[in-house]
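Asks: Can you look at this prediction? I've put the sequence above it.
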Amino acid sequence: MADLLSITEAQSLVVMHARPLPPETVSLEEAAGRVVAEPAVAVVDLPPFPSSAMDGYAVLSADTPGRLRVSGRIPAGKPADVSLGPGEAMGIATGGVVPDGADAVIPIEYVVEDDNDIEIASVVENGANVRPRGGDIRAGETVVERGSALTPARLGALAAAGIPEVRCTRRPRAAVLATGTELRRPGEELAAGEIYEANGLILSAQLEAAGAAVERLPAVGDDEGALRAALEAALAADIVVTSGGVSVGPHDLVRRVEGELGVEEVFWRVAVKPGKPLAFGVREGTLVFGLPGNPVSALVSFELFVKPAVRALQGVPEPLPRFERGRLVGTRRQNPERDELARARLRRSDDGALLEPLSGQESHMIARSAGADALLLVPRGEGELADGDSVDYLRLD
Ligand code: AMP
Ligand code: MG
């Protein structure tokens, strides 16, 4: 099996074919999770004016300590209409505009209020509790870089900097198609030999979490005509993800029918367990993934190969999954030919992450996999990983 591609070779081929989609303008309300295509630049200085960090009194540092006359009050949202004169203080709210003539704010709890005067016992440093104009970012500076996904913090930064809309790569449109004559929907009655269809749901949820707009097609049986019609419709998308029918059996029609529809196969089969019969091809701009039918194989293949494609289509600069380091709990025999991704429970300890492979690692055992937090990489080899060995893992969340 020396001829099989390694995981990283296959990933490189996928990413090489996944060019970022064109940008479009998106309002901030619609932009959560989207990937920024052009740097988003601040419209205003932030803060837009010198503002108070405290409820207190605006003063001139040089007037302190001392007794100051309160000449006015400044709420948030309304600038002072006069500047601060010598020997004066102005009451100011958090976020209020620090008036001309003032250079510091003393918090309310540090003054003694007496009629219309305040008593300040010690020096208030120049600049104390004043947020300078532009101290966070200046107009014209980049708030969010190209290639960044819009997290809540980044969305907030764009809004605060006065940016109403942002250029994002178009969301990849993904079509999901489960194949197999034996598949029924949960809720239907199973006849002899039938099983419930799980992959369409798994893959749709994974695609959506990765940022794609998903169209889930009705499952098709192992029938050339039905498969061709469904694939033809699916190929209008940016990314097609099928499950089942990519092995070597007589009913495994997906690759052949895709070939007849003009899909050029880039590779078939990867030295990975589970998920060996994975097929990847392209037709014009469409990326076409044929995932194996066993639900755990589909799930794992998605994380390794499809998710990076969805991320690359969105212009994420480092689209490949990031493995983390932990320690193996128990022992684990290596597969001589294929790197394995074992489903594992992840625990945190004082000693870092601990990974305990679940019992029931066969690729049809989706119910057992439901207990997994992580995929543990067991590199191919002739030996065995020992208890406590350092291992790479990928979080599933
Ligand atoms: P295949 O890759 O078509 O040979 O399918 C491999 C195994 O996965 C078979 O036992 C199928 O019944 C099962 N399978 C295929 N597709 C699905 C699906 N969408 N949901 C659940 N199991 C599936
Ligand atoms: Mg099948």
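Replies: Yep, it's here. In this text, all values refer to a predicted model and were calculated from it rather than measured experimentally. Numbers count the residues shown, from 1 in each chain. Ligands and ions are numbered 1, 2, ... in the order given.
Asks: okay, CA-based contacts and neighbour counts for the rest of this
Replies: OK.
Asks: Report the contact partners of the residue nearest to residue 105 when sequence neighbours are not counted.
Replies: Using C-alpha to C-alpha, 6 or more residues apart in numbering and skipping residues adjacent in sequence, the residue nearest residue 105 is residue 58, 4.4 Å away. Listed by C-alpha atoms under 8 Å, 6 or more residues apart in numbering, the contact set of residue 58 reads 89-92, 98-99, 102-106.
Asks: which SSE is residue 58 in?
Replies: For residue 58, the element it lies in under DSSP states H and E is strand 56-59.
Asks: what's the next secondary structure element after that strand?
Replies: Next element after strand 56-59 (DSSP H and E): strand 66-74.
Asks: Give the other helices and strands that the helix or strand just after that next one contacts.
Replies: Towards the C-terminus, the helix or strand next in line after strand 66-74, according to DSSP H and E, is strand 88-92. Secondary-structure packing of strand 88-92 (3 or more C-alpha pairs under 8 Å, 6 or more residues apart in numbering; DSSP states H and E): strand 56-59, strand 66-74.
Asks: Can you dump the C-alpha atoms of strand 88-92 in PDB for me?
Replies: Output of strand 88-92 as PDB, limited to C-alpha atoms (Å, rounded to 0.1, in the frame of the first residue of the first chain):
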ATOM      1  CA  GLU A  88     -12.700  74.600  38.800                       C
ATOM      2  CA  ALA A  89     -13.900  71.000  38.500                       C
ATOM      3  CA  MET A  90     -16.700  69.500  36.500                       C
ATOM      4  CA  GLY A  91     -18.700  66.400  37.400                       C
ATOM      5  CA  ILE A  92     -18.300  63.800  34.700                       C
END
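Asks: Of all the residues in it, which ones are buried?
Replies: By 16 or more other C-alpha atoms under 10 Å, the buried positions in strand 88-92 come out as 88-92.
Asks: now, which of these sits nearest residue 171?
Replies: Distance to residue 171 across these (C-alpha to C-alpha) is lowest for residue 92, with 46.0 Å.
Asks: The closest one and ligand 1: what is the separation?
Replies: In this view, residue 92 and ligand 1 are 64 Å apart by C-alpha to the nearest ligand atom, to the nearest Å.
Asks: Show me which residues of the chain sit near ligand 1.
Replies: Contact residues, the chain versus ligand 1 (C-alpha under 6 Å from any ligand atom): 178-180, 196-200, 243-247, 292-295.
Asks: Check the offset of the helix or strand hosting residue 281 from the chain's centre.
Replies: Here residue 281, judged by DSSP H and E, is contained in strand 279-283. Averaging C-alpha positions (C-alpha atoms, centre = their mean, to the nearest Å) puts strand 279-283 25 Å from its chain's average.
Asks: ok, now which ones touch the residue in the stretch 51-200 of the chain that ligand 2 sits nearest to?
Replies: Residue nearest to ligand 2 within the stretch 51-200 of the chain (C-alpha to the ion): residue 180, separated by 4.4 Å. Residue 180 makes contact with 219-222, 244-245, according to C-alpha under 8 Å, 6+ apart.
Asks: before we move on, what about residue 38?
Replies: Residue 38 neighbours (C-alpha under 8 Å, 6+ apart): 145-146, 166-168.
Asks: which of these has the most neighbours?
Replies: Among the contacts of residue 38, the one with the most neighbours (other C-alpha atoms under 10 Å) is residue 168, at 28 neighbours.
Asks: Please verify my assumption that it contacts residue 30.
Replies: No. Contact between residue 168 and residue 30 fails when scored by C-alpha atoms under 8 Å: they sit 10.6 Å apart.
Asks: residues shared between the contacts of the two?
Replies: With C-alpha under 8 Å, 6+ apart, residue 168 and residue 30 have no common neighbours.
Asks: quick one, helices of this structure?
Replies: Counting by DSSP state H, the chain has helices at residues 7-17, 152-160, 199-210, 224-234, 254-260, 295-301, 307-313, 366-369.
Asks: can you list the residues of the stretch 101-250 of the chain near ligand 2?
Replies: 180, 244-245 (C-alpha under 5 Å from the ion).
Asks: Nearest to residue 308 among those?
Replies: Distance to residue 308, by C-alpha to C-alpha, is smallest for residue 244 among those, at 20.7 Å.
Asks: For the closest one, the count of nearby residues, please.
Replies: Close neighbours of residue 244, defined as other C-alpha under 10 Å, add up to 25.
Asks: so who does it touch?
Replies: Residue 244 neighbours (C-alpha under 8 Å, 6+ apart): 178-180, 252, 254, 290-294.
Asks: now, which of those lie within strands?
Replies: Mapping the contacts of residue 244 onto strands (DSSP state E) picks out 178, 290-291.
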